[in-house]
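Okay, sequence plus prediction incoming.
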Amino acid sequence: MRRPLIAGNWKMNLNRAQSVALAREIAAGLNGSLSADVAVFPPAVYLDAVIAADTGLAVGAQDVNENADGAFTGEISCQMLCDLNVTTVILGHSERRNLLGETSEQVQRKTLAALRAGLTPIVCVGELLEQRQAGQTDQVVLEQCRTSLAGLSAEQMLQTVVAYEPVWAIGTGQVATPAQAEEVHASIRQWLSKSFSPATAAQVRILYGGSVKADNAAELLSQANIDGALVGGASLKAESFLGIIRATETQKVA
Ligand code: PEP
């Protein structure tokens with residue numbers, strides 16, 4: 001049984017007061033709704049403020065360093081996140097891969113570090129537009145999965161969430177069609193089945209991300225292998241984020 005997860009990545013937006021207010025507004029709008037797990041990912045410097053607001057939402061970080069401690073100026077360790085009561089972390093977001101040169105090998109080290117610290121990693125994969133146009137989507141995405149998730153035990157895989165985010169759909173308003181998204185999600189699940197086991201694959205949540213909005217969420221979430229959404233722009237306003245969460249109310253529980 002895969003419970004939907006709706007995750008809001010606030011990226012480098014909002015100030016401290018706005019972050020706390022948005023978390024409060026989302027929690028109030030949820031009104032105890034149990035149709036999905038909901039997590040928000042504020043900028044790192046506001047994690048403590050959002051957690052202190054005690055809204056009941058899961059609060060996650062947008063990245064973490066794979067090292068335990070040491071001379072890594074500006075970086076944040078898993079233990080530091082745990083000290084703040086952070087429970088989850090986004091890893092390998094395409095903005096980090098493509099703007100900051102983060103590799104799947106680094107993502108793998110971060111994933112293992114997060115798991116060892118008891119954090120839930122949300123590992124992002126996704127192809128560029130030119131890779132899709134060249135018919136390389138599966139090859140690219142499965143290679144990112146193979147490398148980013150290398151060395152995980154089946155048990156660790158069960159603690160991990162995968163997010164398929166086609167790069168051409170992020171922040172562009174150009175959402176993948178439900179069929180395009182489902183095709184890749186099904187490939188990822190098949191890969192999980194072969195690499196771990198059918199039982200493991202059946203339980204791992206695979207989120208879709210890329211221009212998800214309240215008005216396209218229901219159709220995406222109705223696909224058999226789409227278990228939730230990683231949301232950027234539409235997570236910055238309570239009403240649009242709540243609209244996406246509400247779209248899970250009518251969905252299957254696989
Ligand atoms: C994202 O950055 O992970 C994302 C999916 O952004 P948006 O929803 O704005 O496309």
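All right, it came through fine.

quick one, what contacts the residue of the chain found nearest the ligand?
Closest residue of the chain to the ligand, Cβ to the nearest ligand atom: G232 (2.2 Å). (Glycine included, C-beta is placed from N, CA and C.) Applying Cβ atoms under 8 Å, 6 or more residues apart in numbering to G232 gives the contacts N9, K11, I170, G171, G209.

Give me the phi and psi for it.
phi -100, psi -100 (degrees, to the nearest 10).

Please apply the same query to L207.
phi -90, psi 150.

hey, what's it bridged with?
Under the criterion DSSP bridges, L207 forms beta bridges with A163.

Verify the contact between it and A229 for me.
Yes. Assessed by Cβ atoms under 8 Å, L207 is found in contact with A229 at 5.7 Å.

overlap in contacts of those two?
A7.

Pick out whichever of these two has more residues nearby.
More crowded of L207 and A229, by other Cβ atoms under 10 Å: A229, with 30 against 24.

which SS state does that one fall under?
Judged by DSSP: H, G, I helix; E, B strand; the rest coil, the three-state class of A229 is strand.

Who does it form a beta bridge with?
Applying DSSP bridges, one finds that A229 bridges with I6, Y208.

Could you measure from it over to Q133?
Applying Cβ to Cβ, to the nearest Å, the value for A229 to Q133 is 24 Å.

Alongside the ligand, which residues does the stretch 51-200 of the chain contribute?
Residues of the stretch 51-200 of the chain lying close to the ligand (Cβ under 6 Å from any ligand atom) are E165, I170, G171.

Would you reformat the residues you listed as JSON lines and include distance to Q159?
Below are these laid out as JSON lines (distance: Cβ to Cβ, whole Å):
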{"residue": "E165", "distance to Q159": "20"}
{"residue": "I170", "distance to Q159": "25"}
{"residue": "G171", "distance to Q159": "29"}
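
now, among these, which is nearest to E219?
For those, the residue nearest E219 by Cβ to Cβ is E165; the value is 17.4 Å.

Could you verify my assumption that that closest one touches L128?
No. Look at E165 against L128 with Cβ under 8 Å: they stay out of range, at 11.3 Å.

The two: which has the busier surroundings?
Using other Cβ under 10 Å as the criterion, E165 and L128 rank with E165 on top: 28 against 17.

need the contact list for T250.
A218.

Spatially nearest residue to S187 (excluding sequence neighbours)?
Nearest non-adjacent residue to S187, counting by Cβ to Cβ, 6 or more residues apart in numbering: D138, 5.2 Å away.

so which helix or strand takes in the one you found?
Following DSSP states H and E, the helix or strand that holds D138 is helix 137-148.

I'd like to know which elements that helix is packed against.
Contacting helix 137-148 under the criterion 3 or more Cβ pairs under 8 Å, 6 or more residues apart in numbering; DSSP states H and E are the following elements: helix 104-116, strand 120-125, helix 178-195.

what bits of the stretch 101-250 of the chain have low per-residue confidence?
Applying pLDDT under 70 to the stretch 101-250 of the chain flags no residue at all.

again, 90 this time
Scanning the stretch 101-250 of the chain with the threshold set as pLDDT under 90 gives 249-250.

T172 touches G209, doesn't it?
No. T172 lies out of contact with G209 (Cβ under 8 Å); the separation is 12.0 Å.

Looking at those two, which has the bigger crowd around it?
Neighbour count, other Cβ under 10 Å: between T172 and G209, G209 has more, with 28 against 13.

ok, that one - contacts?
Contacts of G209 (Cβ under 8 Å, 6+ apart): N9, C124, G126, A163, Y164, E165, A169, I170, A229, L230, V231, G232.

Of those, which is the nearest to W191?
Y164 (11.5 Å).

Skipping its backbone neighbours, what lies nearest the closest one in space?
Closest residue in space to Y164, ignoring its immediate chain neighbours: V184 at 5.3 Å, by Cβ to Cβ, 6+ apart.

Please consider this matter closed, and thank you.
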